[in-house]
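Peer 1: Task: produce atomic coordinates for the following.
(chains A and B)
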Amino acid sequence: EDQVTQSPEALRLQEGESSSLNCSYTVSGLRGLFWYRQDPGKGPEFLFTLYSAGEEKEKERLKATLTKKESFLHITAPKPEDSATYLCAVQASSNDYKLSFGAGTTVTVRA
Amino acid sequence: DVKVTQSSRYLVKRTGEKVFLECVQDMDHENMFWYRQDPGLGLRLIYFSYDVKMKEKGDIPEGYSVSREKKERFSLILESASTNQTSMYLCASETGTYYGYTFGSGTRLTVV
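Peer 2: Numbers count the residues shown, from 1 in each chain, chains lettered A, B, ... in the order given. The predicted model follows:
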């Protein structure tokens, strides 16, 4: 069974204070690892897809990296608008397009 | 842009009622999904559909059923609502491997 564990559950940052979120996964053959951002009361929005160990993707203050067992989402010099819940999900190469999600990390950035 | 529309943002229903949650996507995608999201548990797959009239159980199908009569519409049915089905329900459409899913805005259901 595919498993995704995210840590920490919650992260409080001062504006400009860089940090990293962790996503550890167990999957039988990785098709893709996905990062989503979710604002309160809304559906998740796509951020990145990573396919193989060593791959990196960047978007504004966010950078996602991937190893064979985990992924990191680095937030550089965060701003209050980066406050959200960040979800990690994996898709196994053997399933029917199903994603398995972690519980998420809620990030709060104070001005 | 792909759009996934869930018909209700908030619903309050009574225990024992039959509840219908509707989801429509506008991009002719074959695959559609229903998840529920609860604090600390993340998103859990209830049902998915890979074509019209085709459906598969997810991880937590008990107490739910689905209907897909047309490609663009995927409905989640709570046969007899119970308080433990109070949750945020998210519908998603399969965009393709690169983007994973496109989600709707969610329906927050409260069963009293």
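Peer 1: contacts, neighbours, all on C-alpha from now
Peer 2: Noted.
Peer 1: which residues touch residue 93?
Peer 2: Unless you meant another one, I'm taking chain A. Contact analysis of A:S93 by C-alpha atoms under 8 Å, 6 or more residues apart in numbering or on different chains lists A:28-31.
Peer 1: if you could check chain B rather than the one you did, that'd help
Peer 2: Contact analysis of B:S93 by C-alpha under 8 Å, 6+ apart lists B:4, B:25, B:29, B:31-33, B:101-103.
Peer 1: Secondary structure element for it, which one?
Peer 2: strand B:87-96 (DSSP states H and E).
Peer 1: Now do residue 85, the pLDDT please.
Peer 2: No chain specified, so I'll use chain A. Listed pLDDT for A:T85 reads 97.
Peer 1: was after chain B, sorry
Peer 2: Confidence for B:Q85, expressed as pLDDT, is 98.
Peer 1: Leaving out chain neighbours, which residue sits closest to it?
Peer 2: Once flanking residues are discounted, B:Q85 sits nearest to B:V111: 6.8 Å by C-alpha to C-alpha, 6 or more residues apart in numbering or on different chains.
Peer 1: CSV for the contacts of B:S93, including secondary structure?
Peer 2: Compiled in CSV, those are given as follows (DSSP: H, G, I helix; E, B strand; the rest coil):
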residue, secondary structure
B:V4, strand
B:Q25, strand
B:H29, coil
B:N31, coil
B:M32, strand
B:F33, strand
B:Y101, strand
B:T102, strand
B:F103, strand
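Peer 1: Out of these, the closest to chain A would be?
Peer 2: Nearest to chain A among the contacts of B:S93 is B:F103, at 5.6 Å by C-alpha to the nearest C-alpha.
Peer 1: Close to chain B: what parts of chain A are there?
Peer 2: For chain A, the residues in contact with chain B (C-alpha under 8 Å from any C-alpha of the partner chain) are A:32, A:34, A:41-46, A:48-49, A:97, A:99-104.
Peer 1: and the contacts of A:S93, which are buried?
Peer 2: By neighbour count, with 16 or more other C-alpha atoms under 10 Å in any protein chain shown, the contacts of A:S93 hold A:30-31 as buried.
Peer 1: out of the contacts of A:S93, which are inside strands?
Peer 2: Members of those lying in strands (criterion: DSSP state E): A:30-31.
Peer 1: before we move on, the earlier item: list the residues that contact the residue nearest to B:Q85.
Peer 2: Contacts for B:V111 (C-alpha under 8 Å, 6+ apart) come out as B:12-15, B:81-86.
Peer 1: hang on, the earlier thing: and the contacts of B:S93 near chain A, which?
Peer 2: Applying C-alpha under 8 Å from any C-alpha to the contacts of B:S93, one finds that B:31, B:101-103 fall near chain A.
Peer 1: ok, and the most crowded of these?
Peer 2: Comparing the ones next to chain A among the contacts of B:S93 on neighbour count, B:F103 comes out first with 27 neighbours (neighbours: other C-alpha atoms under 10 Å in any protein chain shown).
Peer 1: ok, for it, nearest residue in space, not its chain neighbours?
Peer 2: In space, B:F103 is closest to B:A92, 4.3 Å off (C-alpha to C-alpha, 6+ apart).
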